[in-house]
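Trainee: Need a 3D model of the sequence below.
(chains A and B)
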2 protein chains.
Amino acid sequence: MSSDSPDTQSLDTLVQALRVLPGVGVKSAARMAFHLLQHDRDGARKLAAALTDAVSHIRHCRSCHTFTEHELCHTCADPSRDRTRLCVVETPADQAVMERTGAYDGQYFVLLGRLSPLDRIGLDDLGIRPLLERACDGVVQEVIVATSFTAEGEATAHILTESLRRRGLTVTRLARGVPVGSELEFVDLGTIAHALADRR
Amino acid sequence: MSSDSPDTQSLDTLVQALRVLPGVGVKSAARMAFHLLQHDRDGARKLAAALTDAVSHIRHCRSCHTFTEHELCHTCADPSRDRTRLCVVETPADQAVMERTGAYDGQYFVLLGRLSPLDRIGLDDLGIRPLLERACDGVVQEVIVATSFTAEGEATAHILTESLRRRGLTVTRLARGVPVGSELEFVDLGTIAHALADRR
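Mentor: Below you'll find the model as predicted:
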């Protein structure tokens, strides 16, 4: 929005500033600004404080690259984890899901993204180099690639697998197959084809 | 996202805080937080400053209810505007569009929204009462309802028209019809039906 008026400078600045959010264009930004000013000024104040706080406190874990407020995140700092296996995930949320399964006690590396040419996220934006350094520490024996099973996640997995195998590491990928609890009739064909090929 | 970890408190707080934005659920909020922390910390700092600045400086124009940094917005403060006509628009952006036509020199009232039950925006959230006071100042003779031609905009227009007519004011609505420059073949049927009914 552009009200072209001299007395809404801070509104125009807010609309521009909101556009740093991914997927937010000028129309959504104006809608967000109007909503905050009209209905939720307290929320806007809290958001400003949360942004300032996060930007000044959150950094990357030295070992797994995830977001943390400390030098090492709590998973990497845990001495009981198996250090011979490294699971590569896209986001801290994915890592949390893996943890909740209770089926994995190795370490993690969090890419914080996946290849996404449309969002201008290329190889250098992902933590590929830190991952290679981390995986080649001499202790890690197997790297489990747990990126998403989307086009971008698969492309990321492919590139990672190539680079890691070239360095002599065992690289595995989460199995593709029919989800637990689903009826075959409603599962998409690509998934069934993969489940058939990987039958055991 | 919930990383369930004790060392990302400020990240969790940021994700929660981002959810005050309209249309942003927990997944988009996490995506936004990751993006800002990973790719645009400077943008996050600027957004925090813009939010704080807007919340403390922007208020409502005493006369037309739009956002302004002063007691009266620059349109209401302009003594050359025709004070017998009042145009009701939804947003400052709509007002700017009306101004750019150069075809209107009356005053405005900015609703800052329209009825939207899904977003929990009812009659009381719109500035209906201030509008009724403004329109019944004894100087205004005609109210031009220029809300959107969507279902919500039409519902808003209907309610406004009822209330204003009951107070003895002339109420008009922007004409519906075929847009300038369009070929009849590609205009939707509802629009053509309206243009036919309102032919002149």
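
Trainee: Please work out which residues outside the host helix or strand of A:E162 touch it.
Mentor: Here A:E162 sits within helix A:151-166, counting by DSSP states H and E. Applying C-beta atoms under 8 Å, 6 or more residues apart in numbering or on different chains, the contact partners of helix A:151-166 are A:88, A:90, A:111, A:114-116, A:123, A:126, A:128, A:131-132, A:135, A:143, A:145, A:147-148, A:171, A:173. (Glycine included, C-beta is placed from N, CA and C.)

Trainee: Just the buried residues of that helix, please?
Mentor: Going by neighbour count (16 or more other C-beta atoms under 10 Å in any protein chain shown), the buried part of helix A:151-166 is A:152-154, A:156-157, A:160-161, A:163-164.

Trainee: so where is chain A shaky, pLDDT-wise?
Mentor: By pLDDT under 70, the low-scoring segments of chain A are A:1-7, A:117, A:119-120, A:123, A:125-127.

Trainee: domains of it?
Mentor: A:8-57, A:82-173 (the TED database).

Trainee: Compile the ones you listed into TSV and extend it with columns for distance to A:C73.
Mentor: Formatted as TSV, the domains of chain A follow (distance: least, C-beta to C-beta, whole Å):
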stretch	distance to A:C73
domain A:8-57	13
domain A:82-173	9
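
Trainee: Let me know which of those domains is tucked in deepest.
Mentor: domain A:8-57 (a mean of 19; mean count of other C-beta atoms under 10 Å in any protein chain shown).

Trainee: what about that domain, near chain B?
Mentor: Yes - remark: domain A:8-57 sits within contact range of chain B at A:8-11, A:13-14, A:16-18, A:20-23, A:28, A:30-41, A:43-55, A:57, by C-beta under 8 Å from any C-beta of the partner chain.

Trainee: Stretch A:130-143 too?
Mentor: No - if you take C-beta under 8 Å from any C-beta as the test, stretch A:130-143 misses chain B, and the best it gets is 13.0 Å.

Trainee: how about that stretch as PDB, C-alpha atoms only?
Mentor: Only the C-alpha atoms of stretch A:130-143 are listed here, as PDB (Å, rounded to 0.1, in the frame of the first residue of the first chain):
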ATOM      1  CA  PRO A 130      30.200 -27.300   7.900                       C
ATOM      2  CA  LEU A 131      28.400 -30.600   7.400                       C
ATOM      3  CA  LEU A 132      31.300 -32.100   5.400                       C
ATOM      4  CA  GLU A 133      33.700 -31.000   8.200                       C
ATOM      5  CA  ARG A 134      31.400 -32.400  10.900                       C
ATOM      6  CA  ALA A 135      30.900 -35.700   9.100                       C
ATOM      7  CA  CYS A 136      34.600 -36.200   8.400                       C
ATOM      8  CA  ASP A 137      35.600 -35.900  12.100                       C
ATOM      9  CA  GLY A 138      36.800 -39.500  12.100                       C
ATOM     10  CA  VAL A 139      34.200 -40.600  14.600                       C
ATOM     11  CA  VAL A 140      31.100 -40.500  12.400                       C
ATOM     12  CA  GLN A 141      30.700 -43.700  10.400                       C
ATOM     13  CA  GLU A 142      27.100 -43.400   9.000                       C
ATOM     14  CA  VAL A 143      25.300 -40.400   7.800                       C
END
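
Trainee: From the buried residues of helix A:151-166, pick the one nearest A:D105.
Mentor: A:L164 (20.7 Å; C-beta to C-beta).

Trainee: which neighbours does the longest strand seen in chain A have in its sheet, and in what orientation?
Mentor: Using DSSP state E to define each element, chain A has its longest strand at strand A:82-89. Looking at strand A:82-89 with DSSP bridges, its partner strands are strand A:106-110 (parallel), strand A:142-145 (parallel).

Trainee: List the contacts of the last one.
Mentor: To tie it back to what came earlier, the one meant is strand A:142-145. The set of residues external to strand A:142-145 that reach it, using C-beta under 8 Å, 6+ apart, is A:84-88, A:104, A:106, A:135, A:157, A:160-161, A:164, A:169-174.

Trainee: at 7 Å what do you get?
Mentor: Residues outside strand A:142-145 that contact it (C-beta atoms under 7 Å, 6 or more residues apart in numbering or on different chains): A:84-88, A:135, A:157, A:160-161, A:164, A:169-173.

Trainee: For chain A, which segments count as strands?
Mentor: Under DSSP E, chain A gives strands at A:59-60, A:67-68, A:82-89, A:106-110, A:142-145, A:170-173.

Trainee: Any chance of those in JSON lines with distance to B:D188 as columns?
Mentor: Shown next, in JSON lines, are the strands of chain A (distance: least, C-beta to C-beta, whole Å):
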{"stretch": "strand A:59-60", "distance to B:D188": "52"}
{"stretch": "strand A:67-68", "distance to B:D188": "48"}
{"stretch": "strand A:82-89", "distance to B:D188": "47"}
{"stretch": "strand A:106-110", "distance to B:D188": "49"}
{"stretch": "strand A:142-145", "distance to B:D188": "49"}
{"stretch": "strand A:170-173", "distance to B:D188": "49"}
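
Trainee: how close does A:L111 get to A:R173?
Mentor: Separation of A:L111 from A:R173 (C-beta to C-beta, to the nearest Å) stands at 14 Å.

Trainee: In this structure A:R114 contacts A:I128, no?
Mentor: No - applying C-beta atoms under 7 Å, one finds A:R114 not in contact with A:I128, separated by 11.1 Å.

Trainee: Relative to B:D78, which of the strands paired with strand A:82-89 is closest?
Mentor: Taking the strands paired with strand A:82-89 one by one with C-beta to C-beta, strand A:106-110 is closest: 56.0 Å.

Trainee: most centrally placed residue in chain A?
Mentor: A centroid search over chain A (C-alpha atoms, centre = their mean) returns A:T91, at 2.5 Å, as the residue closest to the centre.
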